[in-house]
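J.: What would the 3D arrangement of this be:
(2 chains)
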Amino acid sequence: MSKITEDLTAILTSRYGVPAARIETGGTLNELGIDSLVTVELTLTLQKALGVPLAPDEITSAHTVAEIVELIESKGAAVK
Amino acid sequence: MTRAAVLAGVGAALPPRVVTNDELAQRLDTSDEWIRTRTGIRQRHVVDPGTATGDLAERAGRRALASAAATSGRPAGADLLILATTTPDRPCPATAPDVAARLGLGGIPAYDVNAVCSGFLYALAAAQGHIAAGLAEHVLVVAADTFSTLLDPRDRTTLAVFGDGAGAVLLRAGEHGEPGALLDLSLGSDGTRADLITVRAGGSARPLRGPGADADVADGDRYFSMIGGETFREAVLKMTESSREVLGRVGWDVEDVDAVVGHQANLRILHAVAEQLDLPTERLVANIDRVGNTAAASIPLALADAVDAGRLTKGDHVLVTAYGGGATWGAGAFEWPGLAPAPADS
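T.: Reported below is the predicted structural model:
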């Protein structure tokens, strides 16, 4: 598991109570019970933690965790 | 060197009627749990018909003067009154002159400032300017709003968030470096984001009466509306940015800040700002659980609550920051002067 996947999984489990096992199944944020407010918080948190600029709608609740990790890695934040 | 604006008193006022989350849930499709987890709000105060912004402003102003008198041991007055509000008693004239008259302040200059939820910081800047220029010795800055008068009675989101209230501070001319002196202020605006937080109709662009009246104004356009997600994001980023700017100019590290009194828009916004600033959440001063978002009033109301609760002590490094409709935003810093709370009977 990449560092970014680990970080994102940790945020979703510890702060928002999403079971880790459900994240591994690859559902969208929406399917994980993440609403639009949390998506906004998550975008701000990732932007701060990983130092990548993220536009307002770049992460939506229609994205899966894998897609978000891919997006962030494409912005050059592979290693923290 | 110009004169400094120094905090000399603080006071607040809330209408007596409390609306709990459960009460809202009885008439709207919402719940106490939904509101609490998304906003941190448990209840808000709402005016009864017949009570206006000016009534709350008068009480808060009186209490700030009483706090100043209790602090200094001398009677307090003001030679200028600035009222920050988005909900004046009438569309015309401004509410501030009426508040000044009711406080018995004589024929002093008095005017309203509208910067929505950033209004208190804008009014603070105006007051600082008057003092620095030698135009005023004591400025009563009142921030009061009755957003319940703007809200759509069917909109569960805004009804859950907003409450009515007023807060006020008395600023006096003083020296730079003395406790209570306003150390720095940063203000900003972005008119391209006016639609984030707005009442679309009822102003000169879309009048509801007269020759240019729009006969087809949708019901929702007559009421206050807010684009929640985008407002959340913008509020966090702008409050963080202006706070960093002020901290940099004042020369404080984040660890040096004892209390952040942010605009009480949503507890999760305050927590997100703390995260962006690397500030422990214990340093956040929050009373939003009891009063909701009181718009312009929220910072001085939270300051007054913090003084009543003994949360702020002399010498504390205090950072204030807000984001509101306009869009407008700002931040400021001062070393807490140790103010006496307004006596209970004031």
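J.: what residues does stretch B:338-346 touch?
T.: If you take C-beta atoms under 8 Å, 6 or more residues apart in numbering or on different chains as the criterion, stretch B:338-346 is touched by B:7-11, B:62-68, B:70-71, B:179-180, B:304, B:307-308, B:313-315. Where you see a C-beta, it was placed from the backbone N, CA and C, and this is true even at glycine.
J.: end-to-end on it?
T.: 19 Å (C-alpha to C-alpha, to the nearest Å).
J.: Run the chain-centre distance for it.
T.: Distance of stretch B:338-346 from the chain centroid (C-alpha atoms, centre = their mean, to the nearest Å) equals 19 Å.
J.: That one: which residues count as buried?
T.: B:Leu339, B:Ala340, B:Pro341, B:Ala342 (16 or more other C-beta atoms under 10 Å in any protein chain shown).
J.: And these, which is closest to chain A?
T.: Lowest distance from chain A to these (C-beta to the nearest C-beta) belongs to B:Leu339, with 34.2 Å.
J.: Now do the same for that closest one: helix, strand or coil?
T.: Assigned by DSSP: H, G, I helix; E, B strand; the rest coil, the conformation of B:Leu339 is coil.
J.: Can you check what pLDDT the model gives it?
T.: Per-residue confidence (pLDDT) for B:Leu339: 95.
J.: Quick check: the gap between B:Glu230 and chain A.
T.: With distances taken as C-beta to the nearest C-beta, to the nearest Å, B:Glu230 is found 6 Å from chain A.
J.: In space, what's closest to the closest residue to chain A within the stretch 51-200 of chain B - neighbours in sequence excluded?
T.: Distances between the stretch 51-200 of chain B and chain A by C-beta to the nearest C-beta are smallest at B:Thr157, namely 10.8 Å. Once flanking residues are discounted, B:Thr157 sits nearest to B:Gly228: 6.6 Å by C-beta to C-beta, 6 or more residues apart in numbering or on different chains.
J.: One more: B:Ala60?
T.: Counting by C-beta to C-beta, 6+ apart, the residue nearest B:Ala60 is B:Ala166, at 3.7 Å.
J.: Doesn't that neighbour belong to a helix?
T.: No: checked against three-state DSSP, B:Ala166 lies outside a helix; its state is strand.
J.: Please name the bridge partners of it.
T.: Going by DSSP bridges, B:Ala166 is paired in beta bridges with B:Ala13, B:Ala144.
J.: hang on, it packs against B:Val10?
T.: No: judged on C-beta atoms under 8 Å, B:Ala166 makes no contact with B:Val10 at a distance of 11.8 Å.
J.: Might one say that B:Leu284 is in contact with B:His271?
T.: Yes: counting by C-beta under 8 Å, B:Leu284 touches B:His271, with 7.3 Å between them.
J.: Could you check the helix or strand encompassing B:Ala125 and say which residues are buried?
T.: Counting by DSSP states H and E, the element that carries B:Ala125 is helix B:119-132. Using 16+ other C-beta under 10 Å as the test for burial, helix B:119-132 gives B:119-128, B:130-132.
J.: Check those residues against B:Arg200 and report the nearest one.
T.: For the buried residues of helix B:119-132, the minimum distance to B:Arg200 (C-beta to C-beta) is 19.9 Å, reached by B:Gly119.
J.: For B:Ala143, see how far away that closest one is.
T.: 6 Å (C-beta to C-beta, to the nearest Å).
J.: where do the contact lists of the two overlap?
T.: Here B:Gly119 and B:Ala143 share the contacting residues B:Ala84, B:Thr85, B:Ala296, scored by C-beta under 8 Å, 6+ apart.
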